[in-house]
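Participant: fold the following.
(one chain, ligands or ions: 2)
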Amino acid sequence: MKNRIIICLLALFTFQATAKEGMWIPYLLGQLNQAEMQEMGLEITADQIYSVNNSSIKDAIVHFGGGCTAELISSKGLLLTNHHCGYSQIQSHSTVEKNFLKNGFWAMSSKEELQNKGLTAAIVKFMKDVTNEVMEGLDDDMNLSERGEHIQNNIQAIIKLRSEESPFDFSIVPFFYGNQYILIAKETFKDVRLVGAPPSSIGKFGADTDNWVWPRHTGDFSIFRIYAGKDNKPAEYSEDNVPYNPNYHLKVNTNGVHDGDFNMVYGFPGTTQEYLPSNEVHNIAEVYNPARIDIRDRLLKILDKRMRTSEASRLKYASKYARISNSWKKWIGERNGLNESKGIERKQKFENEFLAAVNSKSSWRNEYGDVLDQLKKLYDDRRPAQLERYHYIEIGYYGIGLSRHMFRYRKLIEEAEKEDPELKSIADKLMEGMPKFHESYEPEIDREAMHQLLPIYIAAISDQDLTEELKMLKSLSDEEIHIYIDKLFEDLIFLKDPKKFAKLMSKKPKKAAKKIANSSAYKLSIEMYEHFRNVLNPRVSSLNEKIEFYQGRYLKALREVFPDKRFYPDANSTLRLAYGKVEPYHPKDGVTLNTKTYLSGVMQKYVPGDYEFDLPAKLLELYESKDYGVYGDDGKMPVCFIASNHTTGGNSGSPALNSRGELVGLNFDRAWEGTMSDLNYDERICRNIMVDVRYVLFIVDKFAGAGYLVDEMDLVHHVEAKVEEMDTTNP
Ligand code: ARG
Ligand code: ASP
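Facilitator: Ligands and ions are numbered 1, 2, ... in the order given. The predicted structure follows:
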């Protein structure tokens, strides 16, 4: 008896070993995944997750602002997403007196909800394979550009026809590098109002230090509401609009999660690259990213040093720091994870299996024999120009603040040459934007950044096709470059004498334009950009066309030679379902990380007055009095948990659902050791991080006193019949 149990458990374990990777197309779940999901614990059907004819969970999943996910949690359009997804909206309503980022915001009635211009919430109505229609008329004589153009024309024609017949927004998206095309119909709502957000000390607790880190203690959520016209259809903002009544909204489960529970994440993952050949994974992890990491390292150190000593610098640079550090930290984790899990070797092994399979049949050998070699060669051919491009992106675009700022004068300078009578109004407009520029700019920081980064850029670009200023810089020694930089800053009129500059812009805009045009800062910025656009980009894009083509052939070959293997398409911002289990992981030898965190852990990280780890007094009080209401779990307040769902950027705000499809958490991040999941998923170490929905409810109700929002939701709590453990030793 004992032996049998052990054998069963082992069998289950090896089966699971292949189950969790993948972001699946919802309408194919019944065919591809349902059986496995049910075996893993799913208690509902694929049809309840995605259906076109009946209401299903899909109707509650929202593409939020095009970059995040959100979910409907009431019949009155209540929408849950991350704090970091609603960040710019919360910020846009904040002033010094009413700082909602700092203090949080809670509408206590619908009248107090805040309008957000430009924010959209899109819901998928249906998805349909249109590959044959898109491919129609393609012939083998076409070259790659002709193929591309033909496909685009077909796509436009199909969309046009569809749009004439129906009110939905249509798009056609390639899957598997153009082996498949799917038509997506969406309803896009345009009146989406802010309902509530916790203070950043909860919603962004741990900020950049804890970003990508498990164990985590962040209440990363915010709440919005979708409004519709009286007909319940999308409408522009109007006071007469009414809360949207969705076809389906999620039930909110307060049972919490347990190790081994089935879990799934439904949302709009942005980009993954799971089918790259091993050499390109190597290029990314060992060539491009180390260069990018090094540049960001330097920049972040400069910013951090200033931000720690000056409150003013911190205000100016906090959001830039967060933006730069997010990918920086991910890339470091990605590279470590690939090394630890031998990701590149695993890819190489897979490629050998592929080649063996291809060579086992002559028709495959004829058709696909050279695909992988060609693809690898193309990626390596692209490497030098691609590396230079990244140097521009990191240094010219993200790194040196001045370099982007100088573009703003381009129009002024061009129009000044044309003697444009509108010159004055162009100059006035530019000056209107100046306070905003100075709000997030410190010349000393930027000068230091330029000293560190410009020599790296100059060393990285090849001698070919350089223009005047760049050619000159390329001939200088590092020391001379530093002298050049100091002079560049000293000469720049709007930094040297802002008042004089403002006067010149308003009185003599033509002269001001000339002064800027002659500055080294302007010349350098424009030349760097033009070199990127006119020299580097064309070098890369001609290869990209071929790479896309060969990636497509490679995917076609993979699916043909491994007919029993299930392939999922790379993320492309379309609706997907990932599923896995709530389970711990071993980031390194001797270390196991548990699946759940609690409010006591928040308190352990608390540093009064710290800009990342401070806490609001009210939360401290609630912790002291253990006033968790129905949201607590055995006297403790759950905060976050992890599972082995395959997620990526864009999945932020996605609902984490239990085996019955009820909301148990809100996805917002991944564990650092497994961030390589974008290139190579490994279920041993890849974990997504979610806020426990009970923490969300607790903050809304007990912390913010907005319990009326909880009343709007459908809370469910299942009482399980307690099964006594059987004593098998003594029958
Ligand atoms: N790492 C998460 C994601 O990629 C959260 C980013 C927002 N938080 C931050 N501290 N920058 O989007
Ligand atoms: N934090 C990411 C997002 O904003 C999610 C992730 O990359 O895991 O979408």
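Participant: C-alpha only now, for contacts and for neighbours.
Facilitator: Noted.
Participant: in terms of helix, strand or coil, where does residue 75 fall?
Facilitator: coil (DSSP: H, G, I helix; E, B strand; the rest coil).
Participant: also the one 5 residues further on?
Facilitator: Under the three-state scheme (three-state DSSP), residue 80 adopts strand.
Participant: ramachandran angles for the closest residue to it other than its chain neighbours?
Facilitator: Counting by Cα to Cα, 6 or more residues apart in numbering, residue 80 lies nearest to residue 223, which is 4.8 Å off, once chain neighbours are set aside. Dihedral angles of residue 223 (phi, psi; degrees, to the nearest 10) stand at phi -130, psi 130.
Participant: I'd assumed residue 192 was in contact with residue 223.
Facilitator: No - the criterion here is Cα atoms under 8 Å, and residue 223 misses it with residue 192 at 10.3 Å.
Participant: more neighbours: which of those two?
Facilitator: Comparing residue 223 with residue 192 by neighbour count (other Cα atoms under 10 Å), the higher total belongs to residue 192, at 29 against 26.
Participant: that one sits in which helix or strand?
Facilitator: strand 191-197 (DSSP states H and E).
Participant: tell me the gap between that strand and the middle of its chain.
Facilitator: Distance of strand 191-197 from its chain centroid, counting by Cα atoms, centre = their mean, to the nearest Å, is 21 Å.
Participant: and the contacts of that strand?
Facilitator: For strand 191-197, the external contacting residues (Cα atoms under 8 Å, 6 or more residues apart in numbering) are 83, 89-90, 100, 104-107, 110, 112-117, 119-121, 203, 221-228, 234-238.
Participant: in it, which residues are buried?
Facilitator: In terms of neighbour count (16 or more other Cα atoms under 10 Å), strand 191-197 has its buried residues at 191-197.
Participant: could you dump those residues to JSON lines with pLDDT?
Facilitator: Listed next are those as JSON lines, based on pLDDT from 0 to 100:
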{"residue": "191", "pLDDT": "98"}
{"residue": "192", "pLDDT": "98"}
{"residue": "193", "pLDDT": "98"}
{"residue": "194", "pLDDT": "98"}
{"residue": "195", "pLDDT": "98"}
{"residue": "196", "pLDDT": "98"}
{"residue": "197", "pLDDT": "98"}
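Participant: for ligand 2, what's the nearest residue on the stretch 101-250 of the chain?
Facilitator: With Cα to the nearest ligand atom, the shortest gap between the stretch 101-250 of the chain and ligand 2 falls at residue 212, namely 7.8 Å.
Participant: cool, and the stretch 201-350 of the chain?
Facilitator: Proximity of the stretch 201-350 of the chain to ligand 2 (Cα to the nearest ligand atom) peaks at residue 269, 7.3 Å away.
Participant: and that residue, what does it touch?
Facilitator: Per Cα under 8 Å, 6+ apart, neighbours of residue 269: 571-576, 647-651.
Participant: where's residue 152 relative to residue 146, distance?
Facilitator: According to Cα to Cα, to the nearest Å, residue 152 stands 10 Å off from residue 146.
Participant: check residue 71 too.
Facilitator: Residue 71 is 41 Å from residue 146, by Cα to Cα.
Participant: around ligand 1, which positions in the stretch 301-450 of the chain sit nearby?
Facilitator: For the stretch 301-450 of the chain, the residues in contact with ligand 1 (Cα under 6 Å from any ligand atom) are 322-323, 326.
Participant: out of these, which comes closest to residue 165?
Facilitator: Top of the list for closeness to residue 165, among these and by Cα to Cα, is residue 323 at 41.9 Å.
Participant: next, count neighbours for the closest one.
Facilitator: Neighbours of residue 323 using other Cα under 10 Å come to 13.
Participant: over to residue 308?
Facilitator: By other Cα under 10 Å, the burial measure for residue 308, its neighbour count, is 11.
Participant: the longest helix seen in the chain - what's its average pLDDT?
Facilitator: Ranked by residue count, the top helix of the chain under DSSP state H comes out as helix 311-340. Taken as a whole, helix 311-340 carries a mean pLDDT of 93.
Participant: same check on stretch 42-53?
Facilitator: 98.
Participant: end-to-end on that stretch?
Facilitator: Start-to-end span of stretch 42-53 (Cα to Cα) is 22 Å.
Participant: likewise stretch 466-477?
Facilitator: So stretch 466-477: terminal residues 17 Å apart, Cα to Cα.
Participant: tell me the contacts of residue 599?
Facilitator: Residue 599 neighbours (Cα under 8 Å, 6+ apart): 217, 623, 636-639.
Participant: please tell me how far the residue lying closest to residue 282 once chain neighbours are set aside sits from residue 408.
Facilitator: Leaving aside its chain neighbours, residue 282 sits nearest to residue 344 (7.0 Å; criterion: Cα to Cα, 6+ apart). Counting by Cα to Cα, the gap from residue 344 to residue 408 is 43 Å.
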